[in-house]
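Student: all I have is the shape, not the residue letters:
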Ligand SMILES: Nc1ncnc2c1ncn2[C@@H]1O[C@H](COP(=O)(O)OP(=O)(O)OP(=O)(O)O)[C@@H](O)[C@H]1O
């Protein structure tokens, strides 16, 4: 309950006003009989060394019940019994009125006469006096209500400010003249401006060149529009603006700023981690695949660029995803782009994004490119060998400077991304042929990873087949237990030019058509039989053996230039001769390219 002591100053002023108006001593006591304020004469008055102002509790309690008590014989009155001053009270009269608020008595106004003149003033026109005192009591009640209202407002303000400061978005409010009236901590942090400098500035100084005020006055609202605050380091936000109405007239607006990096982080955290993106999901028991997995896992922790090479369908993207998940960027997004699947004209804007009006058909408000979308995460550039030369120059700049400008834009956007590129072509050969920039190749090839074709790790065929059988059993709601030995034999002797992707498709096909509990050879795709046990000449066999030796040496020493030099030395051939054999290998042992020329765009 509200205490009169909370408005001590107003109570003291009321006491002074009543005392001056009537010319008697006045005191105001709360419902606990505690004296809150009184006139000087009342405090000083004593009889036999006893102060008279100390309220006699039963008297106060009686007023609380009766609301008004007029005591004409103090010291001998009904409620004086037991008072310290009983029989010796120096007062000549006393009038007490209750202060009532919401049907509750919250205190008492006591008016005391100490001589005959004051007695006359008090009792002479008692009805008029009581009316006046009632008014004064009501004034106190209004004061209490005002104080309650102000306290309530302060509480609400405090609540609003705490709420505004605890949300992740920046909030700025401005009045109908565009003057900023409030900015929460996030807004100040985002814009890197002190609160004191922000308050009182014009909104057009913050959102430059948009005339926000005119926009709002025209009855518009803005929702999640991209805006880059210019500056030495551009601040990239989504902004929303909504008008505040006061009885149909616009009295100001609220501007919300969301840091685009935060939004991306949240989106990436919700969508970035995709199933099968870990090293555990890379199936294989062969020494070759185990080695590559170990090497890739080790390299995942570094932030250097990676170039993954291997035939189509060997699992380059699966590896890229696993590296991303195992890296410090695992919670960020994995954004992929297939450089061969997107028409050259569009590839640049897909990668770099564009500003509004950059070209005919450019989306209103512009669009971020894959580089920006990968912020905080990994950008996977698949089929990098197909990137046009002019974009290779641009890519090299991004890799060196870690920043870009959107197509048609002038603002520099800083990037924090890791690049993993992949190719099924011999990039070094492309470099020699002048089709791929040497400097870009070196930039990308900081960590080279080679994924061996499936035919070189036949050991993995059975384990992968069983893995895909489980997967497609679930997907196609089938209950096939396994493969008949004959079926596994066919699969084991096939050369899998399309690698793991082809094997996966073959198992999916077999699961679809198999009606028994085990997959029979007859349920496998026909082409597996056409190619199994192909007739190989002695020359083929010698070449196959040679390539196996070269690959083993390169896996040992690395596929880079120095690795190739060491491998050539170990094998006792010249470096150009090793390159020649590799080129032959490119033609002969990357046969998946005929099957998998269809390029798969990223979603
Ligand atoms: N070791 C593996 N374990 C499980 N699944 C694999 C493995 N390797 C590849 N896959 C599966 O094979 C398919 C092809 O893999 P992926 O797309 O990664 O190959 P790629 O080398 O990137 O192909 P491309 O060069 O055509 O882009 C995918 O469905 C992938 O999940």
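Tutor: All right, it came through fine. All values derive from a computational prediction rather than experimental measurement. Numbering: from 1, shown residues only.
Student: so who does the residue lying closest to residue 512 once chain neighbours are set aside touch?
Tutor: Nearest residue to residue 512, sequence neighbours excluded (C-beta to C-beta, 6 or more residues apart in numbering): residue 476, at 6.4 Å. C-beta: built from backbone N, CA, C; applies to glycine. Residue 476 is in contact with 508, 511-512, counting by C-beta atoms under 8 Å, 6 or more residues apart in numbering.
Student: which one (most neighbours) among these?
Tutor: Neighbour tally across those (other C-beta atoms under 10 Å): the maximum, 20 neighbours, falls on residue 511.
Student: return the per-residue confidence for the residue of the stretch 151-300 of the chain found nearest the ligand.
Tutor: Residue nearest to the ligand within the stretch 151-300 of the chain (C-beta to the nearest ligand atom): residue 283, separated by 3.7 Å. The model reports residue 283 with a pLDDT of 94.
Student: then residue 557?
Tutor: 87.
Student: residue in this structure nearest to the ligand?
Tutor: Of the residues in the chain, the one nearest the ligand is residue 315, at a distance of 2.6 Å by C-beta to the nearest ligand atom.
Student: quick check: that residue vs residue 295, distance?
Tutor: For residue 315, the distance to residue 295 equals 14 Å [C-beta to C-beta, to the nearest Å].
Student: of those two, which one has the most company?
Tutor: Taking other C-beta under 10 Å, residue 315 and residue 295 do not tie; residue 315 has more neighbours (24 against 16).
Student: up against the ligand, what does the stretch 151-300 of the chain have?
Tutor: Taking C-beta under 6 Å from any ligand atom as the test, the list of the stretch 151-300 of the chain residues beside the ligand reads 282-284.
Student: could you dump those to CSV with secondary structure and neighbour count?
Tutor: What follows is these, written out as CSV (DSSP: H, G, I helix; E, B strand; the rest coil; neighbours: other C-beta atoms under 10 Å):
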residue, secondary structure, neighbour count
282, coil, 21
283, coil, 17
284, coil, 21
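Student: with those in mind, which one is nearest to residue 392?
Tutor: Set against residue 392, the nearest of these by C-beta to C-beta is residue 282 (29.7 Å).
Student: residues contacting the closest one?
Tutor: Residue 282 makes contact with 289, 293, 315, 318-319, 322 under the criterion C-beta under 8 Å, 6+ apart.
Student: try 6 Å
Tutor: By C-beta atoms under 6 Å, 6 or more residues apart in numbering, the contact list for residue 282 reads 293, 318, 322.
Student: which strands and helices lie in contact with whichever helix or strand residue 257 is part of?
Tutor: In the assignment (DSSP states H and E), residue 257 maps to strand 249-259. Using 3 or more C-beta pairs under 6 Å, 6 or more residues apart in numbering; DSSP states H and E as the contact test, the elements touching strand 249-259 are strand 170-175, helix 185-191, strand 235-246.
Student: can we see that at 7 Å?
Tutor: When contacts are defined as 3 or more C-beta pairs under 7 Å, 6 or more residues apart in numbering; DSSP states H and E, strand 249-259 packs onto strand 170-175, helix 185-191, helix 212-217, strand 235-246.
Student: show me what it is in contact with.
Tutor: With contact meaning C-beta atoms under 7 Å, 6 or more residues apart in numbering, strand 249-259 is reached by 169-176, 181, 187, 190, 216-217, 237-245.
Student: other residues contacting the host helix or strand of residue 293?
Tutor: Using DSSP H and E, residue 293 sits within helix 287-300. Residues from elsewhere that reach helix 287-300, judged by C-beta under 7 Å, 6+ apart: 279, 282, 284, 306, 319, 322-323, 326-327, 447, 449, 451-452, 456-457, 460, 555.
Student: now stretch 208-217, how far from the centre of its chain.
Tutor: Relative to its chain's centre, stretch 208-217 lies at 28 Å (C-alpha atoms, centre = their mean, to the nearest Å).
Student: please apply the same query to stretch 547-560.
Tutor: What separates the centre of stretch 547-560 from the centre of its chain is 46 Å, taken as C-alpha atoms, centre = their mean.
Student: so which residues make contact with it?
Tutor: Identification of contacts with stretch 547-560 by C-beta under 7 Å, 6+ apart yields 291, 445, 448, 450, 563-564, 566-567, 570-571, 578, 581-582, 585, 589.
Student: what about 8 Å?
Tutor: With contact meaning C-beta under 8 Å, 6+ apart, stretch 547-560 is reached by 288, 291, 309, 445, 448, 450, 452, 456, 563-564, 566-567, 570-571, 578, 581-582, 585, 588-589.
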